[in-house]
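**Q** coords please:
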Amino acid sequence: MQSQVGIGIPNPDASAVLELASKHKGFLPPRLTTTERDAISNPAEGLTIYNITKNCLEWHI
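**A** Okay, here's the model as predicted:
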């Protein structure tokens, strides 16, 4: 069985596990320093953070 979760949207897209919608707010990922990011044990491929040391979004690939 598959299901989708929608926040701010009544019918999330079937291809997404999570869909967010808002006309007044944004998505805020976890904010970490480079040191904190590097301390994550075995990060998942695609893990997303906002690096406050470099002031940018980063994805683990």
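
**Q** Spell out which residues sit in contact with Ile52, please.
**A** 31-33 (C-beta atoms under 8 Å, 6 or more residues apart in numbering). Where you see a C-beta, it was placed from the backbone N, CA and C, and this is true even at glycine.

**Q** Name only those of those that count as buried.
**A** Buried by 16 or more other C-beta atoms under 10 Å: Leu32, out of the contacts of Ile52.

**Q** How many neighbouring residues does Trp59 have?
**A** By other C-beta atoms under 10 Å, 11 other residues sit near Trp59.

**Q** Show me the helices in this structure, by range?
**A** According to DSSP state H, the chain carries its helices in the segments 34-38.

**Q** shaky segments in it?
**A** Scanning the chain for pLDDT under 70 picks out the ranges 1-2.

**Q** all strands of it, in order?
**A** Ranges of strands within the chain are 5-7, 18-20, 31-32, 48-51, 56-59, based on DSSP state E.

**Q** Now find how far off-centre the shortest one is within its chain.
**A** Going back to what we said before, that points to strand 31-32. 12 Å (C-alpha atoms, centre = their mean, to the nearest Å).

**Q** Then the first one?
**A** Distance of strand 5-7 from the chain centroid (C-alpha atoms, centre = their mean) equals 14 Å.

**Q** other SSEs contacting it?
**A** For strand 5-7, the packing partners by 3 or more C-beta pairs under 8 Å, 6 or more residues apart in numbering; DSSP states H and E come out as strand 18-20.

**Q** ok, the strand it packs on: who's next to it in the sheet?
**A** strand 5-7 (parallel) (DSSP bridges).

**Q** buried stuff in the strand it pairs with?
**A** In strand 5-7, no residue is buried by neighbour count (16+ other C-beta under 10 Å).
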